[in-house]
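> Dropping a prediction and its sequence here:
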Amino acid sequence: MPMPRASVENGGRPLSALEGLGDLTTPPVPAPPAPPVLEHHVLKALLGAWALAACSPEETAAVEEHLGGCGTCADEALRLRGAVGLLHRPESLDLDPGLRTRVLGGCLDRRPPRIPVPEWATPYDAETARLDALLQDIGDAEWHAPVRLRWFQGDGPTSRRTTVAGVIAHLLTVDGLVAVTLGLDDPLGVVESPAPTPAARTEAYWRASHFPPTRAVRAPWREQSHDLVRTVSFPGDGAAKPAVSYGDFELPLHDAMLDRAFECWVHAEDIAEAVDYPYDPPSPRHLNRMIDLAARMLPGALALRRRTGRAAPAPGRHLVPAGRPGRSLRLEIEGLGGGDWLIPLDSPAAVGSADHEVAHVALDGVEFCRLAAGHVSPTEAAAGQDGDREAIRDLLFAAASLSRM
């Protein structure tokens, strides 16, 4: 066996003391650099950049160390930080209105629904969901906030005072017309309505309530809206296209669902205004369908106003045979949901024709819908006009006459 080796190979010198070798396991950590030494006026000049988080790390450290000992600069820094907060635009806490559509679209791309909602029922589905989201955010006291329902009757505006809960009760009873047509329960139950019109049904519901409607009306309204969407989505249920009676007129089921979507949006804006809450118009695709429904109803509204003496025919006007072109007005809708519609003026059964165009009206899409809802006076509608002034006036008043309670 080899003899023991010396303590040090090169000559037997003793090993160095451990205290002199430092930490043999952890490398030494360098000390952080000291903040630069800056004069007071320099540090004060840096306060603006520091408030905007635009200083270098060394400058930030120097400023913050200085603020700990200088009360004047600390107060100034506090004011500057508050001013910076005012420079940023406040972001809305509301979700993007298109988020629901994008999320559902992404989900449906991966797994199509077993029973899809018909395309003609999607505006109603979307508008009831948006209104329900608004109702979820308001407090108990806001359900009793005053709301004034406005519409156009005859040749002038009219209104009816109610509350937020009263508006939902109104939507519940009028949506009930579609529910009854589809064989669902009537929300009026045993309450007798003097007439099957929206106004009569609403007044009957309000009178039958022992107390003013409260937030409890939200649950039956939302449940009924879900039932309507589910019922029209079943294959075959909407194939017959039953007509929905509004008492003094009828609408096909497809148009009735679109009408209900339109009224849901209009009254949601009434509620949002009452509780001071922002509310956006429908998506352009849905808004276009609502405008198209109103444009298709205008010839009938014009004819009704003539029969009641509110739009006397001018000399030379005559009825046009069904399916034939006649005098027409071009309705140009700008902005959201825009497009062009040729409205026959002399007969509801006539066909709009560019060759027989006598007038041209231009309106913003949302403004036209508010005119059709009775929220804008025909004489105050912001419209570009060209051509036969009497035809233009008749059309604007006919659009306002589409409104109802």
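Thanks, I have it.
> which residues sit in contact with the closest residue in space to His286 that isn't next to it in sequence?
Leaving aside its sequence neighbours, His286 sits nearest to Pro123 (C-beta to C-beta, 6 or more residues apart in numbering; 4.0 Å). Using the backbone N, CA and C atoms, a C-beta is placed for each residue, glycine as well. Applying C-beta atoms under 8 Å, 6 or more residues apart in numbering, we find Pro123 in contact with 257-258, 261-262, 282, 286, 289-290.
> Figure out how far the lengthiest helix in the chain is from the centre of its chain.
Longest helix in the chain by number of residues, with DSSP state H as the criterion: helix 284-307. With C-alpha atoms, centre = their mean, to the nearest Å as the basis, helix 284-307 stands 22 Å off its chain's centre.
> what's the neighbour count on the nearest residue to Leu345 once chain neighbours are set aside?
Spatial nearest neighbour of Leu345, excluding adjacent residues (C-beta to C-beta, 6+ apart): Arg327 at 4.6 Å. Residues lying near Arg327 (other C-beta atoms under 10 Å) number 23.
> Which of the three states applies to Arg327?
strand (DSSP: H, G, I helix; E, B strand; the rest coil).
> again with Phe152
At Phe152, secondary structure determined by three-state DSSP is strand.
> Next: Val361.
Under three-state DSSP, Val361 falls in the strand class.
> what's the burial count for it?
With other C-beta under 10 Å as criterion, Val361 counts 23.
> Can you give me the buried ones in the longest helix of the chain?
286-295, 297-299, 301-306 (16 or more other C-beta atoms under 10 Å).
> Over to stretch 135-154?
The neighbour-count check on stretch 135-154 (16+ other C-beta under 10 Å) flags 135, 138, 142-143, 145, 147, 149-152 as buried.
> And stretch 222-230, by the same measure?
For stretch 222-230, a neighbour-count test (16+ other C-beta under 10 Å) marks 222, 224-225, 228-229 as buried.
> Likewise for stretch 153-162?
Of the residues in stretch 153-162, those buried (16+ other C-beta under 10 Å) are 157, 160, 162.
> Kindly indicate which of these lies nearest Ser245.
Nearest to Ser245, judged by C-beta to C-beta, of the buried residues of stretch 153-162 is Arg160 at 22.3 Å.
> Can you report phi and psi for that closest one?
Here is the backbone geometry of Arg160 (degrees, to the nearest 10): phi -140, psi 130.
> Can you name the next helix or strand after the helix or strand of the chain with the lowest mean pLDDT?
Every helix and strand in the chain was compared by mean pLDDT, DSSP states H and E; the lowest is helix 99-110, with a mean of 71. Downstream of helix 99-110, the first helix or strand assigned by DSSP states H and E is helix 122-137.
> my guess is Val217 meets His170, correct?
No - between Val217 and His170 there is no contact under C-beta atoms under 8 Å: 9.8 Å.
> Mind checking which of these two has more residues around it?
Taking neighbours as other C-beta under 10 Å, Val217 and His170 compare with His170 leading, 27 against 23.
> Which parts of the stretch 301-405 of the chain are helices?
In the stretch 301-405 of the chain, the segments counted as helices under DSSP state H, counting those that start in this stretch are 365-372, 389-401.
> Can you say which of those is nearest to Thr197?
Nearest to Thr197 among those is helix 389-401; the distance by C-beta to C-beta comes to 15.1 Å.
> Give me the buried stretch members for the closest one, please.
Buried residues in helix 389-401 (16+ other C-beta under 10 Å): 391-392, 394-401.
> Against Val266, how distant is the closest residue to Arg160 other than its chain neighbours?
In space, and not counting its chain neighbours, Arg160 is closest to Leu149: 4.6 Å by C-beta to C-beta, 6+ apart. Distance of Leu149 to Val266, given as C-beta to C-beta, to the nearest Å: 9 Å.
> What of Asp259?
Taken as C-beta to C-beta, the span from Asp259 to Val266 is 11 Å.
> Can you tell me the closest non-neighbouring residue to Val266?
Here the residue nearest Val266, using C-beta to C-beta, 6+ apart, is Ala373, at 4.5 Å.
> Touching, the one you found and Leu149? I think so.
No - the criterion here is C-beta under 8 Å, and Ala373 misses it with Leu149 at 10.1 Å.
> Quickly list what's touching both of those two.
With C-beta under 8 Å, 6+ apart, Ala373 and Leu149 have no common neighbours.
> Can you classify Val37 by secondary structure?
Per three-state DSSP, the local secondary structure of Val37 is coil.
> which residues does it contact?
Contact analysis of Val37 by C-beta under 8 Å, 6+ apart lists Ala62.
> partners of the closest residue to Leu395 other than its chain neighbours in the sheet?
Spatially, and ignoring its direct neighbours in sequence, Leu395 is nearest to Leu329 (5.5 Å; C-beta to C-beta, 6+ apart). Following DSSP bridges, Leu329 is listed with bridge partners Ile343, Ala359.
> same check, this time on the one 4 residues further on
Beta-bridge partners of Ile333, counted by DSSP bridges, are Gly339, Leu363.
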